[in-house]
Every structure is written in C-alpha cells, then in structure tokens.
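# show me how the following folds:
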Amino acid sequence: MCLRISSSYVWRNLLSLTNKNTLQPSLRYKSSQVVSDDPSFYSMVREFTAVARELVIKEETEIHKQPFKEVHGILGVVEPCSHILQVSFPIRLDNGLITRINCWRAQHSVHRSPCKGGVRYSEDVNEDEVKALAALMTYKCATVDVPFGGAKAGIQINPRKFSRNELEKITRRFTIELAKKGFLGPGIDVPAPDMGTGPQEMSWIADHFTMTVGHLDINANACVTGKPISQGGLNGRVEATGKGLFFALKNFINDTDYTSVCGLTPGFEGKRVIIQGFGNVGYYSALYLHQAGAVVVGVAEFDCSIYNPDGICPEDLNEYKTANGGIQGYPGAATYEGHLLEENCDLLIPCAVEKSIHAEVAQRIQAKIIIEGANGPTTPKAHRILLDRNILVLPDLYANAGGVTVSYFEWLKNLNHVSFGRLSIDHQVDFDLKVMQSIEKYFGKNISPDPSIKIKDNNKSRNITEKDIVHSSLEYTMDRSANRIKEKAKLHQLGLDLRTACYISSMEKIYDSYNEAGFVI
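Presented below is the predicted three-dimensional model:
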C-alpha cells in the first residue's frame with residue numbers, strides 16, 4: 001500500500017505531488033522557496049525533521065488509526081533538546097599562563113537510556129552545533145535500532161595548539177564536570193570519540209570517572225566507548241564508521257532499482273571515488289572501496305586536494321600523511337586546482353565538516369551517488385537540488401551510523417565483562433562437528449577427501465575473532481536498516497529521497513517508544 005499525502009498536510013509548502021513511478025520522487029522540495037543557503041546546523045536538522053514529521057503524522061493517523069493529538073504531541077516533545085550543560089573552567093598551561101576552556105554537552109532525547117554521542121574538540125564548536133549533533137544522534141540511533149538517546153559534547157579548543165599534558169588536564173576536568181552534573185555514567189550518558197578526539201581521550205575519561213565518581217560501580221568502564229583495546233575497547237571500533245559506510249553503500253549500489261535511476265551499473269568494480277577529508281572515516285571508507293574494486297581518483301584535505309585518474313592507493317596515502325602531517329606533495333597523485341567535489345566521478349564521499357555541499361556546489365556536482373561520511377554535509381537547499389538532478393544521497397544518519405553501532409557493541413562488552421566469542425566459539429565448533437558427523441553417518445562415508453584429517457581440526461570456526469563477529473553484526477545491522485529505509489521510501493513514494501525515509505523510520509520508532517512507555521504526570 002502506498003501512502004499519498006495531500007497538499008493540506010505539506011509543511012510550509014515545501015512538498016508537492018507528482019504522478020511518477022516508484023523511484024521518481026512524488027514528494028518534491030521546492031528549492032526556489034528557500035531564502036538562505038547558510039542556515040545554522042540546528043535549523044538544518046529541524047527543517048529535515050519537519051518534512052518527515054508531517055508524513056509520520058499522516059501514516060500514524062490514517063493507516064495505524066492513532067489519535068492526531070497524541071501523535072502530533074509526542075513528535076513535538078521529541079524536537080527540542082532535553083538537557084543542555086554549558087561549562088567554563090580554567091586550566092594552567094605548560095608555560096604557566098592560565099586560560100579558560102568553554103564546553104557544552106547536550107542530551108537531545110531520553111526516550112532510551114543512556115544517551116550516546118561523541119566529544120568534539122574544535123575551535124568552531126558552539127552550542128548550536130552541539131544541539132544539532134545531539135538531535136542527529138537521536139535519529140541516527142533509532143535508524144539502526146541502537147537503544148540510545150542522542151547526545152553530543154564540544155570543547156572549544158584546537159587540539160593541535162595544546163600539548164599532550166594540557167589535553168589530558170582539559171579532558172579530565174571536563175570528565176568530572178560532566179559527572180558532577182549527572183551527564184556521565186554507563187546508564188546515564190556515554191560519550192565517544194568525534195572530531196579532534198580518539199582512543200586516548202576516551203581512555204582518560206574512563207580512567208578519571210572510574211577512579212572518582214564511579215569507583216564503587218563495577219560497570220564504570222562502560223561510561224565511554226572508543227577506548228583502546230587494553231582499556232576495555234573493542235576490536236573493530238576504530239574502522240567501524242568507514243566499514244559501516246561501505247556496508248550502507250553496498251545495499252544500494254547493488255540494487256538496480258536505484259542504480260538505474262542514477263545512471264550507474266550495479267557493483268563496485270571500476271567506480272570512480274572522490275573523498276573529502278582523509279581522517280579516520282575517509283581513510284577506511286577509501287580502503288574498503290578500494291578492496292572492493294572501486295578506484296579512488298581524488299582526495300581533498302585541509303592542506304590541498306590531489307587527483308590521479310588511474311587511482312590512489314589509500315594505504316600508501318595514509319602512510320604518507322602520517323609521516324608528513326598532510327597529503328601535500330604525495331608522489332602518487334598531482335595537486336588539484338579547483339573544487340574537487342565538482343570533478344567527474346561516480347561516488348562522492350564527504351567526510352569533513354557540515355555544510356560542505358551547498359546549493360552552488362550541488363548544481364555542479366557530477367557524482368551519481370553521494371555517501372555522507374560527515375555529519376550534516378548537505379544543506380536543505382542543496383538536498384533539493386540533488387533530488388531534482390536524480391543524484392542519490394545516502395544520508396548521514398544512516399551512512400555513518402557504523403560508529404555508534406559498534407560503540408553499542410563495546411558498551412555491551414563492558415557491561416558483560418567478557419569479549420565477544422569467548423564463551424561461544426568452541427560451542428559453535430562442537431555443534432558444527434556434530435552436524436558433519438551426522439551427515440557422514442547418514443551417507444555412510446567420510447566427507448573429508450582425506451580421512452586422516454579430522455573435521456574438528458579442519459574447522460575454521462576456531463579462527464573467528466572478535467573483529468569478525470563485530471563486522472558481521474555491523475553488516476547485519478546496516479542491511480536490516482536499509483530494508484526498512486527502502487520500505488518507507490516506497491510507502492511514501494519518496495523516490496531517491498532517502499533522507500526523509502530515514503527520518504520517518506527513526507521518528508516512528510521514537511514515537512512508539514514514547515507512546516508505549518507513557519508519560520509521568
């Protein structure tokens with residue numbers, strides 16, 4: 001059954017109906033009605049959610065027969081941030097000077113506990129950005145069925161300008177400020193790495209929380225994810241976002257219903273890829289696409305952009321960047337003059353900052369599919385232009401959800417106090433052995449070509465690692481989420497507008513959570 005929406009339910013006249021086939025969008029944004037192409041990040045998220053909210057209300061009231069006032073009221077409750085903490089504190093630098101550090105932590109939704117979201121170190125971070133990222137995390141978690149509410153933190157510093165000792169002071173002080181205010185804990189709020197942070201910062205947070213506020217809590221180490229392996233981290237967490245992006249793309253690049261509209265042949269082989277941002281997400285995205293047969297032809301970084309039509313080896317480029325602090329001068333490609341995002345390619349992966357694809361860029365992009373490795377790289381006006389041009393966009397709240405998915409696995413590992421597979425691998429081997437022996441008994445002959453080789457000794461199950469289990473579970477999560485997104489896109493006749501389909505999918509789950517739990521009066 002397809003749901004059709006009348007113009008009376010269109011929010012601010014942003015959508016219009018057309019009679020097209022399933023993958024030609026019947027719900028269109030009117031880009032001409034947008035006044036500004038430089039909205040705040042938070043207003044971007046609100047605009048995207050507003051369009052989806054009208055469709056959710058329509059579906060819940062007309063198909064599922066839910067009361068309009070209840071649906072409208074619950075979805076209204078979800079929109080604003082539940083809690084916002086602003087903290088300023090002084091630290092003494094190595095040179096003796098004292099400086100003030102400004103920080104924020106936003107908890108967007110507490111329909112699930114704990115809240116989950118990264119800690120960002122950036123000079124440009126502000127309250128609006130933190131609120132937007134927290135809201136995005138709420139919808140992202142719901143999209144991939146991770147039972148967390150959304151949160152985000154930002155510290156207004158450039159980590160390159162501080163020593164390791166100074167960064168540790170800042171991180172530990174921020175940890176205790178969060179804990180004192182009830183914004184940190186394994187069942188309350190669980191941070192993770194983000195821009196400018198990594199396993200080291202997460203290790204400092206876990207250590208400081210465990211040694212202070214959480215010293216009596218056996219689960220205290222689960223207060224943060226993205227930790228080093230030695231501190232309770234998870235094998236596969238470092239590359240999780242890039243791996244998840246690869247799995248997300250695989251679900252659509254092998255679907256002829258979508259590739260035919262985009263003008264692409266199915267599969268990865270020979271697809272030309274351009275990546276903006278060669279950090280953790282950009283590198284691993286490039287690596288997995290390269291291994292699948294795609295050709296990385298261009299990379300844009302903070303110091304320069306490089307291009308090689310014959311292909312760039314991601315591993316070689318990463319080694320060069322690590323050794324030289326940037327990609328400028330990389331011998332395997334030429335420096336690119338101009339805007340690399342507008343160069344001819346099949347797959348474009350923005351992995352840098354928000355609003356990098358605005359209306360002017362969207363009109364000149366030549367890629368057939370855009371996979372959002374960054375959070376909020378596409379403005380609402382650019383989104384509408386890309387839809388009009390039949391360019392498929394895999395939105396951030398699905399495409400880069402691999403990180404929070406594997407963070408969830410790490411959190412579970414910390415609560416269970418045992419690594420994945422440790423209690424089950426031998427059991428699986430024994431089960432496989434019994435199945436094989438049963439087959440041999442039924443047919444009356446040895447299955448192995450060499451009778452001297454025992455089945456159990458030849459079984460590869462013993463070589464399964466924690467990383468294998470994590471990657472397998474991540475792939476299952478991304479596949480299942482993709483199927484639901486496709487279903488919502490088809491139901492609402494959204495065509496290539498997967499962003500709205502993602503928001504619809506996540507909003508419905510959040511609505512069900514609030515509706516079934518009820519409200520405390």
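# how about the helices in the stretch 401-521 of the chain?
When assigned using DSSP state H, counting those that start in this stretch, the helices of the stretch 401-521 of the chain occupy the ranges 402-416, 425-443, 455-458, 466-491, 498-517.
# out of these, which gets the lowest mean score?
Looking at those, the lowest mean pLDDT belongs to helix 455-458 (a mean of 47).
# elements contacting the helix or strand containing residue 167?
Per DSSP states H and E, residue 167 falls inside helix 164-180. Under the contact criterion of 3 or more CB pairs under 8 Å, 6 or more residues apart in numbering; DSSP states H and E, helix 164-180 touches strand 83-92, strand 98-107, strand 149-155, helix 199-211. For glycine as for every other residue, the C-beta is placed from the backbone atoms N, C-alpha and C.
# direction included, what does whichever helix or strand comes after the second one pair up with?
Towards the C-terminus, the helix or strand next in line after strand 98-107, according to DSSP H and E, is strand 115-121. Here strand 115-121 is paired, per DSSP bridges, with strand 149-155 (parallel), strand 189-193 (parallel).
# now do the SS call for the closest residue in space to residue 265 that isn't next to it in sequence.
The spatially closest residue to residue 265, leaving aside those adjacent along the chain, is residue 259, at 6.5 Å (CB to CB, 6 or more residues apart in numbering). Here residue 259 is recorded as helix under DSSP: H, G, I helix; E, B strand; the rest coil.
# need the pLDDT of residue 259.
95.
# how many other residues sit next to it?
18 (other CB atoms under 10 Å).
# residues contacting it?
252-253, 265-266 (CB atoms under 8 Å, 6 or more residues apart in numbering).
# hmm, which helix or strand of this structure has the shakiest average pLDDT?
Here the helix or strand of the chain ranked lowest by mean pLDDT, DSSP states H and E is strand 15-17, holding a mean of 33.
# one step back: select only the buried ones of the contacts of residue 259 in ChimeraX?
A single ChimeraX command selects the buried members of the contacts of residue 259 (16 or more other CB atoms under 10 Å):
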select :252,253
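# secondary structure for the contacts of residue 259 - can I get that in a markdown table?
A markdown table is the format used below for those (three-state DSSP):
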| residue | secondary structure |
| --- | --- |
| 252 | helix |
| 253 | helix |
| 265 | coil |
| 266 | coil |
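# and the two most separated of the contacts of residue 259?
Largest separation among the contacts of residue 259 by CB to CB: 252 and 265, giving 13.3 Å.
# follow-up on the earlier one: among the helices and strands packed on helix 164-180, which is nearest residue 351?
Closest approach to residue 351 among the helices and strands packed on helix 164-180 (CB to CB): strand 149-155, 17.8 Å.
# can I get the closest one in PDB, CA atoms only?
Extracted in PDB, the C-alpha atoms of strand 149-155 (Å, rounded to 0.1, in the frame of the first residue of the first chain):
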ATOM      1  CA  GLY A 149      19.100   8.600  23.200                       C
ATOM      2  CA  GLY A 150      21.100  11.200  21.300                       C
ATOM      3  CA  ALA A 151      23.800  13.400  22.900                       C
ATOM      4  CA  LYS A 152      26.900  15.400  21.900                       C
ATOM      5  CA  ALA A 153      29.700  17.300  23.600                       C
ATOM      6  CA  GLY A 154      32.000  20.000  22.300                       C
ATOM      7  CA  ILE A 155      35.100  21.700  23.800                       C
END
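# let me see the mean pLDDT of that strand.
Mean predicted confidence for strand 149-155 is 97.
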